[in-house]
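Q: following is a predicted model, sequence given first.
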Amino acid sequence: MNKRSFLMGLGATILASLFFFDRSKQVAAVESNHIKRLNKPHEAWRSMVSPEAYQILFEEQTEPPGSSALNDEHRDGTYICAACFLPLFESQHKYDSGTGWPSFTQPIQGHVGTKNDYQLIFLRTEYHCARCGGHQGHVFNDGPKPRRERWCNNGLALKFVPDSETLPSLRG
Ligand SMILES: [Zn+2]
């Protein structure tokens, strides 16, 4: 091995160890927020939520704009999944987007999952409860600064728990 190839090998080793070091940190960060996914068939939720909520949560329907009482909810508290009760949003991140759907600038980290959705031809990003998989809404990039995210949620897929009440236990 000449000096040049030795140095190149050394450089590659350092780069590789930096990469793996960084990666292990990322994995740890994700795992600290990890929500265990319930292995429960959609049908099993039918008796636990209203028929209208079931259509949204497990058949990916959308409620009419302006129909949710949560549009006018301004108290401090937590928005939880209407099916499994996992907290998904905090009131401090709710804002009036003018769309007619409850809107948030960010979810509780790690408590929602996303997937691409082409239902309206153009690409939208669908998001759902990370625990039960129930469909919540879509996230867009036209929200307020600094994150510019608009998490547009169906009110029927959420329940609001004011700070004066205790959060219910997770169910499922
Ligand atoms: Zn859920």
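A: Yes, it's here.
Q: which residue lies nearest the spatial centre of the protein?
A: Taking Cα atoms, centre = their mean as the criterion, residue 112 is the residue nearest the geometric centre of the chain, at 2.2 Å.
Q: what is the burial count for the nearest residue to it once chain neighbours are set aside?
A: Spatial nearest neighbour of residue 112, excluding adjacent residues (Cβ to Cβ, 6 or more residues apart in numbering): residue 127 at 4.7 Å. For the C-beta atoms, the positions are set from N, CA and C on the backbone; glycine is no exception. Applying other Cβ atoms under 10 Å, we find 22 residues neighbouring residue 127.
Q: toward the C-terminus, what is the element adjacent to the helix or strand harbouring residue 127?
A: Element membership for residue 127 (DSSP states H and E) is strand 124-129. Heading C-terminal from strand 124-129, the first helix or strand you meet, by DSSP H and E, is strand 135-140.
Q: does any bit of that following strand sit next to the ion?
A: No. In terms of Cβ under 5 Å from the ion, no part of strand 135-140 sits within range of the ion; the closest distance is 8.4 Å.
Q: what lines up beside that strand in the sheet?
A: Paired strands of strand 135-140, with direction, are strand 124-129 (antiparallel), strand 150-153 (antiparallel) (DSSP bridges).
Q: could you dump these to CSV with mean pLDDT and distance to the ion?
A: Listed next are these as CSV, based on pLDDT from 0 to 100; distance: least, Cβ to the ion, whole Å:
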stretch, mean pLDDT, distance to the ion
strand 124-129, 94, 3
strand 150-153, 98, 13
